[in-house]
Structure formats: C-alpha cells, structure tokens
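S.K.: Below: sequence and its predicted model.
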Amino acid sequence: MKPIFDIKPPQQITWKGKAPGAAEFQSLFYLYPFPALVIDNRSDFILAANPEFLKFSGYSTSDLQNRELSTLLPNTSRFSIDTRRPINAYLKRYSGELLDVTITSRSLDESAARVILQFEQTDTASLRNTSQRDPQSPAVVGLLLNTLTASTLNEALENFLVIADGLLPARIKCIYRLNNHHRTLEKSISREGASPLFPDIIPLDNLDSREAITWLPGKRVTDEFSRVARAADLSCLVNYPLLMADTRLGNLILSDTSPINITELNFRGSILAKYLEVILYHFTIRETLENAFQQHLRDLSFRDMVIQHANEGIILLKRDLSIEEINPAAENILGYASREISGESAENIIIGTDELLPALNKARQGQPTVNFGEVHLHRRNGESFLAFMQTYPVILDEVVQGVILLIRDESEQEQIRLNSQHMEQQAILGRLTAVMAHEIRNPINNISAGVQMINRTLPADDSNRTYLAMMLEDLARLTHLMESVLQFSKFNEYRIVPSDLANLFRRIFDRYGPRFTNANIKAILDIDPNCRQALCDLRAMESVFTNIINNAIAVMPNGGALAVKMVNLPDSSSIPEVEVTISDTGPGIPEELREHIFEPFVSHTQGGTGLGLALTKSIVSAHKGAITVESFPGGTVFHVTLLALKNPGGK
C-alpha cells in the first residue's frame, strides 16, 4: 500500500479563486478509497472518519463522536503513532473482535496537530477467529507486556482480557485479587455473559492449592469455583492460582458452557496466567510504592508545617554540620534569611558560646544535648541575647543523617512578660471590670474542667466530641479574654529616661528583616540625624511600635510597603517633642472603626482581642505623649508624639 501522500508538494501553489477549505477537504476525504481517520494528535480525539472506515470497523458516525483513538486501539497510544513508518496494531471493531491492522499516518500541518490515519487489515481473519495464533509469538508477547504501561490496574486487566479473548477458546474468564487483610479473593474483572456466575468475594480457606486445578463434569467438587461450575452446568473449569515470589496475588478462572479443547485451554491458559502474575505483581509494587510515596509526602507536609510554625528557632544541619535550612522563627532570632546561610558552617553563624561545637559533635555520634544552660548568642547585627539551646541527632537505619539545633530566644519571652506587665497597669475598664473578670474566670475554668471530663468519657468516634472541642475552644478564648482584661486593668510604673529611638528602630528593623522579606514588604526607615532623644521607657515604647508594625504586616498579606519616619517637631512650646509616623499600604481602617480604634475590644485585624491599640494609647498617654491615626483606602498612618530633650546633645 502506498502512503497517503507520497508526492512532495511544490514550493508554492497558486489557486484561482478561493483557496480550498474545510468543505473541500471533507469531500476529498470522503472519496478517499481506503479506511481512514483524522485525529487531533494533542488530545487523541477522533475528528473525522470516512465511509470506508465505517464499513471496515462497523461503527457509525455517532459512535465515533467525542471518542478517543485509544478506545479503538487497545495497547496502542497516540504516542506510538509514527508518521515516518507504518505500525502494526489491533483495531477493536464495534462487534468487539480485534483486527490485526497496519496503520500509516501523515501530518496534515507542520505542527502535527492533526494527523490522518490509514488502516489496512494485515491478516484475513480477526484475532478472535485465529485459533492457531501462538500466545508466545513476539507480537502477542509485546501486546501483553504493553499492558504494564496502563495508568491503572483495571485498565491493564481490561487490556489483558481483550488479548485473552482472542487467544483462549474459553469464553468465561474471571480474574480475582487477594485481599490479604480479610483473607478473601475479590473479583476484579470478568467475562461471564449476560449475568455473573461466580461470586464477587470468596473466602480463602479452601483455596490453598498452589497448582492449577482442572474440573470436568463428573469429577469431585473441591472448592467454591467448581461448585459454581457444576451448578451452572459448565463444560469445564480451570483454576490458576497466581503466585509471584511465593506471594499469592489472586486467581484466574477459565470456563465455558460449550465443549472446548481442554488441552489447548491448559496450554494457552498456563502461559497467559504467567503474564497475568507479572501484571498483578507489577501493579501491586506500583501501588505499594505509590502509597509509600504519598505517606512520605504527608510526612514531609507535617514536618514542614511544624518547622514553619514552631515558635522555637529550628536549624537543620547536615552531617558535616553545614546549615541545610532554618525556619522563620530562627530567621527572626538570628537576623538571617534561610537562603543566605544555606551551606554555611553552623559555628560561623551561631556565635557566642564555646559549648556549641562539642554539643554538635556529640549529636553526630548520636547523643543529644537537651539543655546548654544559660547561653548568650549574637544576632547578625551584633546584638547579644539570652538563648535556650538543644541539639538532637537525626538517626535513620542506626546511622546519624544530620542534626537538629533548637534555639529559643529568652529575651523575646522576657519582652513578652514585660509587655504583659505593662498591660496590667491599665485601669480604663475600672475596678469593677477587673473584679468581674476575676469572678467570671473561675466559673469558666470549672466549666472547662467539666467539659474535658465529659470529653474523656466519650468514645473516640462519638460525634459529640466535635461539639465539645468547639466548646473548649470558646472557653479557652473566654479565659484568654478575661486574663487580658485583668492584665489591662493593672497599673505599673514606667522608668522614663532619655532614650535613643533611632537605635531602637534599627534593632527592630534588623529583627524583622527576614519577616519583611518573606512577606514581600518593602521596609523604609527615615530618621532625621539631628533628631532629639525621647523621654520614655524604651521597653514600653518598643511594645508600642512593634504592636503597630505587627498590625501593619497583618493587613498586608500580599506584600506592600511600610515606612517609619522620625523628626523633631517645631518648638511650639517650652518642651520639645519628637514625632514618629508609621505608615503602611494596607486596605485602611473602615470608616466606622476609625473613631473607636483606640477603645478596648475594637479590632480591625482578624483574630485580635481589641486590647492592643487601647494598651498602646494608654502607654503613650502615660508618657504624656499623643497618638493619632489617619486612614484611607490604600493606606494608614499612625502619628506618635513624645516629649524630648532640648537638643540632640542631651542638654
């Protein structure tokens, strides 16, 4: 058969009138004298079939609409189609029989997006009717092995049965898989005629034979399969146990209602059973590996969640003690971004203690160090801080693969404690609010204890545990709120002294640097070099400014800009002042909240208690300063005014 297009086109064709289009192509295609299809080579969909193909295959035009080529060519994908040479394949006709065909293909455009396929029957009889076809021939072996490329086991078994239909004289075929957990055989796929003959599930108790069993009428019934064969008046039955590497995978059942050549059935069936063992074993291994891979992905996901959201700084070290990765908490503590120090030696980054290297060497030998004692480390900017450190070896198959170094910034905890103490000084809610909060907290604790006791008495699968968990969360939130109110209502004295706010902001920006980077926030610090020293408690003001900065970061989840500016205010009175402005490019504060933003229990950030800005205003007021806010769609600006020294020199 000559190729469809065996004449090279000229370099240029000149048409008189309108160039040929889809209608002209369809007319020519329908007149084409050989069976042919046009397919979309990108999606595998059939675009057109000529009348010769419809007669050749038995399909109608409607049968082929929105149909993929792979449904007509078992064990052949569009990736097997080669426009350079003909290929051999099996065409599944409408009747279900397989035809041995040769396919010649040619591209209809330069991108090979559309391809025309010409079909020619190779043999004069279908595969089903070729009773002398050898199951060990290279062509059949290739088809059987090609089932291993199927995307799912069900697809592979269907392809296997299509091939078996053309090779075996038995019309009844069942493939069972072993369910090892329940010790049963479960039917995966079958050819049983109009209604199923064999049960879907069979206990494995009386099916321990590791050899093929042939049953014929008149012979003794030995298992469930032969009992079904006798009851259904079948002419024969062969039961092949499917084994691989001493592992039972399932069973292949072959039978028929009409007399067949049992010798030929045993010969062909035993060969196909071996191929089926390979198919089942292959997909069992694939399934096991896929499950292991998915479990590994889940483990990695849990590990990443723990590392990313842990409060402690986590530093992952390779066996040579070079840094592999650090989490966001470690970035904040040390002042480095993870990508900056990846591959660096740990002792070049963790500076300030001589105990680190001996502890890391002990971890490489499998010995953890759970507490270094009181350790002072240095941040990137040289600032010293009190740290709590631990080292743990990562052991796999009794071999140390790396080391985990945990760092907790104790100065941060101290700052949190100080912030809590500062909140205690506030008396905006008054003594009555404090007494009420104290009296309410005890019943909440009693209710919480009772709910926890009820929760422990319920079965693990009881649906009421969900409601109890929600109640505990609400009680915990109420407890936290009551504690915040109590802290807010307490009073504390500030140590107001001349303070260098410029240096304070540099430290804050150094500490927040990795967080700004990760949040895609451009941070700008603009301080007048002649700015005066402010009269304030430096720790209290750090709490004020970090609270405003944290709120700004929270309202810019997709990134933005944050600017801090500090200037001297004009001398309008005998006491000089400095002004700090903190602005962000967030969405702004809703108009209905602006007048109440500094009141308790008013919050414009999700999950906030509404006490942060109220406490901030209280601290600033205690310093005889002022705080105001301007907000509009696309930005918010906080103005903090504090008393200051007369001049930068401190006089």
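M.R.: Good, I have the coordinates.
S.K.: So in that sheet, which strands flank whichever strand or helix holds P241, and in what orientation?
M.R.: Taking DSSP states H and E as the criterion, P241 maps to strand 236-244. Paired neighbours of strand 236-244 in the sheet (DSSP bridges): strand 213-215 (antiparallel), strand 247-256 (antiparallel).
S.K.: pull the CA atoms of that strand into PDB?
M.R.: Presented in PDB, the C-alpha positions along strand 236-244 are these (Å, rounded to 0.1, in the frame of the first residue of the first chain):
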ATOM      1  CA  CYS A 236     -15.100 -27.400  32.200                       C
ATOM      2  CA  LEU A 237     -13.200 -25.100  34.500                       C
ATOM      3  CA  VAL A 238      -9.500 -24.400  35.100                       C
ATOM      4  CA  ASN A 239      -8.400 -22.500  38.200                       C
ATOM      5  CA  TYR A 240      -5.000 -21.000  38.000                       C
ATOM      6  CA  PRO A 241      -3.500 -19.700  41.300                       C
ATOM      7  CA  LEU A 242      -1.500 -16.500  40.600                       C
ATOM      8  CA  LEU A 243       1.800 -16.500  42.500                       C
ATOM      9  CA  MET A 244       4.900 -14.400  42.400                       C
END
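S.K.: so which of the strands paired with strand 236-244 is the most packed in?
M.R.: strand 247-256 (a mean of 22; mean count of other CB atoms under 10 Å). (C-beta placed from N, C-alpha, C; glycine too.)
S.K.: So which other helices or strands are in contact with the helix or strand that that one is followed by?
M.R.: Of the helices and strands lying after strand 247-256 in sequence (DSSP H and E), the nearest is helix 262-309. For helix 262-309, the packing partners by 3 or more CB pairs under 8 Å, 6 or more residues apart in numbering; DSSP states H and E come out as helix 138-146, helix 153-167, strand 236-244, strand 247-256.
S.K.: Moving along the chain from the longest one, name the first helix or strand you hit.
M.R.: Same thing as helix 153-167. Moving toward the C-terminus from helix 153-167, the first helix or strand encountered (DSSP H and E) is strand 172-179.
S.K.: Name the surrounding residues that touch that following strand.
M.R.: 157, 160-161, 164-165, 184-193, 197-198, 202, 204, 234, 248-257, 276, 280 (CB atoms under 8 Å, 6 or more residues apart in numbering).
S.K.: run the last query once more with 6 Å
M.R.: 157, 185-192, 198, 248-256 (CB atoms under 6 Å, 6 or more residues apart in numbering).
S.K.: so what's K624 closest to, chain neighbours aside?
M.R.: Nearest residue to K624 in three dimensions, chain neighbours excluded: L643, at 5.8 Å (CB to CB, 6 or more residues apart in numbering).
S.K.: List the residues that contact the one you found.
M.R.: L535, I575, K624.
S.K.: what's the answer for I597, then?
M.R.: L613.
S.K.: Surely it is within a strand?
M.R.: No: read with DSSP: H, G, I helix; E, B strand; the rest coil, I597 is coil and lies in no strand.
S.K.: and the residue nearest to K624, helix, strand or coil?
M.R.: Applying three-state DSSP: L643 is strand.
S.K.: Distance check, it against D462.
M.R.: Distance, L643 to D462, using CB to CB, to the nearest Å: 61 Å.
S.K.: And for Y494?
M.R.: From Y494 over to D462 the distance is 52 Å, taken as CB to CB.
S.K.: So which of the two has more stuff around it?
M.R.: Each of Y494 and D462 has its neighbours counted (other CB atoms under 10 Å); Y494 has more, 16 against 12.
S.K.: element containing Q390?
M.R.: Counting by DSSP H and E, Q390 is found in strand 384-396.
S.K.: Rounded mean pLDDT for that strand, please.
M.R.: The predicted model gives strand 384-396 an average pLDDT of 89.
S.K.: And stretch 177-194, by the same measure?
M.R.: On average, the pLDDT along stretch 177-194 is 87.
S.K.: Equivalent analysis for stretch 41-54, please.
M.R.: On average, stretch 41-54 scores 89.
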